[in-house]
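Enquirer: prediction below, plus the sequence it came from.
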Amino acid sequence: MDLKCKNLMLGNWVKTDITEPQRVAAVTGENQVMLAYNDVYSDSEIEPVPLTDDFFERNGWKRNGAKYTHPDITGEIICWGNGKYIAGFQGNQSPHKYLCSFEIHFVHQLQQIFSLCGIEVELDVFANNK
């Protein structure tokens, strides 16, 4: 994936080829971000953190068949295999109306969907099993 700094938000998880995953601390320009340890990286130096089944389980998601659910979220994530997930989240007004449904592959994409939908659930790539 060609990840662009300008498409990231504060707190998004990314990594570099020399660091463990870190959160974006600042977007310092159209093609630069400052990561948690105050190092500045450009588009070509950052990589997305892939979503995995292990990531979901460590962050409190429960799997039932091909679907992941979370006790604090109305909606689900469907696992299609090979790192391909479909996220669908519902609004509080109607249990049948979806706010969004997107194919996602990376942690920062899930974080951005949560932000856009007003879902406040902390995601941590280093989380222990809950």
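Expert: Sure thing, it's come through. Residues are numbered from 1 along each chain as shown.

Enquirer: check contacts around residue 68.
Expert: Listed by CB atoms under 8 Å, 6 or more residues apart in numbering, the contact set of residue 68 reads 56, 61-62, 76-79. Quick note: C-beta positions are derived from backbone N, CA and C, even for glycine.

Enquirer: that one in helix, strand or coil?
Expert: strand (DSSP: H, G, I helix; E, B strand; the rest coil).

Enquirer: let me know the pLDDT of it.
Expert: We have a pLDDT of 92 for residue 68.

Enquirer: ok, now how distant is it from residue 89?
Expert: Note on residue 68: its distance to residue 89, by CB to CB, to the nearest Å, is 12 Å.

Enquirer: with secondary structure added, can I get the contacts of residue 68 in JSON lines?
Expert: As requested, these are exported to JSON lines (three-state DSSP):
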{"residue": "56", "secondary structure": "helix"}
{"residue": "61", "secondary structure": "coil"}
{"residue": "62", "secondary structure": "strand"}
{"residue": "76", "secondary structure": "strand"}
{"residue": "77", "secondary structure": "strand"}
{"residue": "78", "secondary structure": "strand"}
{"residue": "79", "secondary structure": "strand"}
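
Enquirer: closest one to residue 102 out of those, please.
Expert: Taking CB to CB as the measure, residue 102 lies nearest residue 77 of the contacts of residue 68, at 10.1 Å.

Enquirer: ok, the contacts of residue 68 vs residue 9, which is closest?
Expert: Using CB to CB, residue 77 is the member of the contacts of residue 68 that sits closest to residue 9, with 19.5 Å.
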